[in-house]
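*Asks:* Fold the stuff below for me.
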Amino acid sequence: MTSVVAETDALADVCVGLDTGASIALLGANDSGKTTFLDLLLGFRRTTGGRIGWIGPEGNRASSPRTSAAFQSVMRYEAPLADNVAFGDWSGVADPTPSRHDAAAVSRVLDEVGCASLPLDLPEGFMTLVGSRWPDSRGLSGGQWQPVAIARCLYASYRGAASSPQLRVLDEASSALDAQAEADLRAVLLGAALPEDGLTIFVTHRFPIIRVADVILVFENGRLVEQGEHRQLLALDGVYTALFAAQARGYGGDD
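*Replies:* Next comes the predicted model:
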């Protein structure tokens, strides 16, 4: 499949089948094609060639999957903390009362992303207005906003809603976190609380998380050049091995 930017294909010669129930890591240098690949999956761009399909459990072609996503650039709603999480399930948004939130799900998902103490640090707890626009709102740091956005991405799944996503995308959604904080999110990145027919695709540059993904897709110059799991890719002694070795040297380790 290809996506044309000016006169150059942003992606070409990409052929891959992704099984549900799996966690998929995307790896590659900047401008390697990772983001374009995600944009196509999410419908943000249209292909100029090739095809993207979602196959149902009985082998029939299905409609686009229910999707949730979190990105490096976080959407910061000028709203209560609980709303910033609960907007992950739009089925309750029309209800104007505070009880529209599944308080247990909000609490559980914030705990899952390492923010259990955040409501305790705010004057009105979950109902504290967060942001910077209003005089009585409380600002959050980048290292707090990113987990909140990830919690929003997870909320429908933890609520057990019918709208629970089948496809979860996390595109450098934890980039503002330190290595340990991101490691604590490993279960989330690997597909926690997704239904059996769900699929998690994530982008991160930290190999301690990449290496435990079910499948790793390696992009270079707009092409999918390698795919497999960690040890399979190391055995190829190719692009993945070079990237892994470079980071391992930085940490003073090996495989």
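
*Asks:* all helices for the stretch 101-250 of the chain, in order.
*Replies:* Here the stretch 101-250 of the chain has its helices, by DSSP state H, counting those that start in this stretch, at 103-112, 142-159, 179-184, 186-189, 207-210, 230-236, 239-251.

*Asks:* what angle do the longest one and helix 103-112 make?
*Replies:* Relative orientation of helix 142-159 with respect to helix 103-112: 130 degrees, computed using axes from the mean of the first three to the mean of the last three Cα atoms, to 10 degrees.

*Asks:* Which strands and helices lie in contact with helix 142-159?
*Replies:* Helix 142-159 sits against strand 67-71, helix 81-86, helix 103-112, strand 167-171, with contacts defined as 3 or more Cβ pairs under 8 Å, 6 or more residues apart in numbering; DSSP states H and E. C-beta here means a position set from N, CA and C on the backbone, and glycine is covered the same way.

*Asks:* ok, now with 6 Å
*Replies:* strand 67-71, helix 81-86, helix 103-112 (3 or more Cβ pairs under 6 Å, 6 or more residues apart in numbering; DSSP states H and E).

*Asks:* The helices of the stretch 101-250 of the chain: lowest mean pLDDT?
*Replies:* If you rank the helices of the stretch 101-250 of the chain by mean pLDDT, helix 186-189 sits at the bottom with a mean of 71.

*Asks:* List every C-alpha atom in that helix, with coordinates, as CSV.
*Replies:* Taking Å, rounded to 0.1, in the frame of the first residue of the first chain, the C-alpha atoms of helix 186-189 are listed here in CSV:
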residue,chain,number,x,y,z
ARG,A,186,4.2,-2.5,29.9
ALA,A,187,1.0,-4.4,30.5
VAL,A,188,-1.0,-1.5,28.9
LEU,A,189,1.2,-1.4,25.9
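
*Asks:* Can we start the residue count at 37 from this point?
*Replies:* Got it, the first residue is 37 from now on, which makes the last one we talked about helix 222-225.

*Asks:* So what touches it?
*Replies:* The contact list for helix 222-225 (Cβ atoms under 6 Å, 6 or more residues apart in numbering) reads 238, 245.

*Asks:* ditto for stretch 183-194
*Replies:* Residues from elsewhere that reach stretch 183-194 (Cβ under 6 Å, 6+ apart): 104, 106, 110, 120-121, 123-125, 141, 144-146, 149-151, 199-200, 209, 229.

*Asks:* same check, this time on stretch 256-263
*Replies:* The contact list for stretch 256-263 (Cβ under 6 Å, 6+ apart) reads 46-50, 64, 68-69, 253-254, 269, 274-276.

*Asks:* thinking again about what came up before, filter the contacts of stretch 183-194 to the buried ones?
*Replies:* Neighbour-count burial (16 or more other Cβ atoms under 10 Å) is assigned, among the contacts of stretch 183-194, to 104, 106, 110, 120-121, 124-125, 141, 144-146, 149-151, 200, 209, 229.

*Asks:* quick one on the thing from earlier: make JSON lines from the helices of the stretch 137-286 of the chain and add distance to Asp233 to it.
*Replies:* Listed next are these as JSON lines, based on distance: least, Cβ to Cβ, whole Å:
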{"stretch": "helix 139-148", "distance to Asp233": "21"}
{"stretch": "helix 178-195", "distance to Asp233": "12"}
{"stretch": "helix 215-220", "distance to Asp233": "27"}
{"stretch": "helix 222-225", "distance to Asp233": "18"}
{"stretch": "helix 243-246", "distance to Asp233": "23"}
{"stretch": "helix 266-272", "distance to Asp233": "25"}
{"stretch": "helix 275-287", "distance to Asp233": "28"}
